[in-house]
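In: Next come a sequence and a model predicted from it.
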Amino acid sequence: MAPMHHVRHGSGPPLVLLHGVGSEARVWSPVLDVLARTRDVIAVDLPGFGASPPLACEPGIPALTDAVVEWLGSMGLAHPHVAGNSMGGAIALELARRGTVASATAVSPAGFWTDRERRFCQASLTNAVAIGRAAGEGFVRAVAATAAGRALLLGQIVARPSRLPADEAARMVETAAAAPSFGAALRAFDAYRFGHGHELRGVPVTVAWGRRDWLLIPREGRRVPRLLPHAWMVWLERCGHVPMWDDPDAVARVLLEGSSR
């Protein structure tokens with residue numbers, strides 16, 4: 001099993017946090033302190049992202065779910081609570097389908113798309129990372145130094161990018177550009193669409209969606225009650241696709257309530 005880098009804080013029931021494609025465990029930093037007051041919080045770098053080495057196989061959502069299941073076993077984490085954003089949200093739901101978690105909270109999860117919406121997501125992220133790679137680290141950091149620049153770099157995924165510190169904004173772009181599994185994981189979205197929601201009925205599920213998510217747009221979230229009728233659905237006002245900096249209090253509250261159900 002490939003090792004998975006992680007950070008761990010707090011005490012209480014374990015809560016595992018899974019990031020989206022091109023991201024890393026650090027993306028959860030705005031909510032970690034609040035969560036750690038009452039949870040044993042474990043934020044993970046998924047294989048091929050952050051400091052974790054890639055899988056030997058295609059890093060699609062099923063394979064990444066397999067890797068998380070194996071890693072949970074190696075860590076002695078039996079039926080933890082789990083929460084994920086975007087691709088990590090899809091993995092959280094698949095872990096619930098397998099019955100390996102106590103609860104699952106998915107923030108703007110991948111997979112509730114049509115083919116056209118999926119292609120829009122893939123193209124948007126591919127272009128953004130290509131621009132970041134071509135521009136180079138120095139240029140990205142110069143752009144991220146201003147509020148207008150952060151809006152230019154991250155406005156599609158963060159509703160209020162001016163709230164991000166410049167270093168964090170630049171790091172988000174650089175992390176995606178450096179991730180060895182970014183392209184392969186993005187292409188593997190072709191084979192994934194969420195379905196058979198009844199298979200998750202034995203696990204408490206929460207789905208949260210940003211009203212200002214311009215990557216996985218809100219109409220995808222409006223499909224959740226039909227595809228996953230037993231889930232608790234929450235709309236995050238004035239939040240984007242990666243909402244942890246937009247409204248950390250609201251995100252932390254959803255994760256705490258979701259992991260209490």
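Out: The structure has been received and is ready for your questions.
In: can you give me the helices in the stretch 1-150 of the chain?
Out: Using DSSP state H, counting those that start in this stretch, the helices assigned to the stretch 1-150 of the chain run over residues 29-36, 61-74, 87-98, 115-135, 137-144, 147-154.
In: for those helices, which one sits closest to Ala170?
Out: helix 137-144 (4.0 Å; Cβ to Cβ). From N, CA and C alone the C-beta is placed, and that goes for glycine too.
In: Flag every buried residue along the closest one.
Out: 140-141, 143-144 (16 or more other Cβ atoms under 10 Å).
In: Against which helices or strands is that helix packed?
Out: Counting contacts by 3 or more Cβ pairs under 8 Å, 6 or more residues apart in numbering; DSSP states H and E, helix 137-144 packs against helix 147-154, helix 166-178.
In: Show me what the last one is packed up against.
Out: Put plainly, it is helix 166-178. Packing contacts for helix 166-178, counted by 3+ Cβ pairs under 8 Å, 6+ apart, involve helix 115-135, helix 137-144, helix 147-154.
In: Now do the buried residues in stretch 117-130.
Out: So, applying 16+ other Cβ under 10 Å, buried residues of stretch 117-130: 118, 120-122, 125, 128-129.
In: Find out how far it is from the centre of the chain, if you would.
Out: Stretch 117-130 sits 16 Å away from the centroid of its parent chain (Cα atoms, centre = their mean, to the nearest Å).
In: quick one: contacts for Met4?
Out: Neighbouring residues of Met4 by Cβ atoms under 8 Å, 6 or more residues apart in numbering: 44-47, 52, 67-68, 71.
In: per-domain residue ranges of this protein.
Out: What automatic domain parsing lists as the domains of the chain is 6-114+191-258, 117-183.
In: returning to that earlier point: and the helices of the stretch 1-150 of the chain as JSON lines, adding distance to Gly22 and mean pLDDT?
Out: JSON lines is the format used below for the helices of the stretch 1-150 of the chain (distance: least, Cβ to Cβ, whole Å; pLDDT from 0 to 100):
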{"stretch": "helix 29-36", "distance to Gly22": "16", "mean pLDDT": "98"}
{"stretch": "helix 61-74", "distance to Gly22": "13", "mean pLDDT": "98"}
{"stretch": "helix 87-98", "distance to Gly22": "9", "mean pLDDT": "98"}
{"stretch": "helix 115-135", "distance to Gly22": "7", "mean pLDDT": "95"}
{"stretch": "helix 137-144", "distance to Gly22": "14", "mean pLDDT": "94"}
{"stretch": "helix 147-154", "distance to Gly22": "12", "mean pLDDT": "96"}
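In: now the strands for the stretch 151-261 of the chain?
Out: 205-210, 232-236 (DSSP state E, counting those that start in this stretch).
In: Let's see the last one as CSV, backbone CA atoms only.
Out: This file holds the C-alpha atoms of strand 232-236, laid out as CSV (Å, rounded to 0.1, in the frame of the first residue of the first chain):
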residue,chain,number,x,y,z
TRP,A,232,-29.5,15.9,4.9
MET,A,233,-29.0,18.7,2.2
VAL,A,234,-27.4,22.0,3.2
TRP,A,235,-26.9,25.1,1.0
LEU,A,236,-23.9,27.2,1.9
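In: Spatially nearest residue to Glu24, not counting backbone neighbours?
Out: Once flanking residues are discounted, Glu24 sits nearest to Gly50: 3.2 Å by Cβ to Cβ, 6 or more residues apart in numbering.
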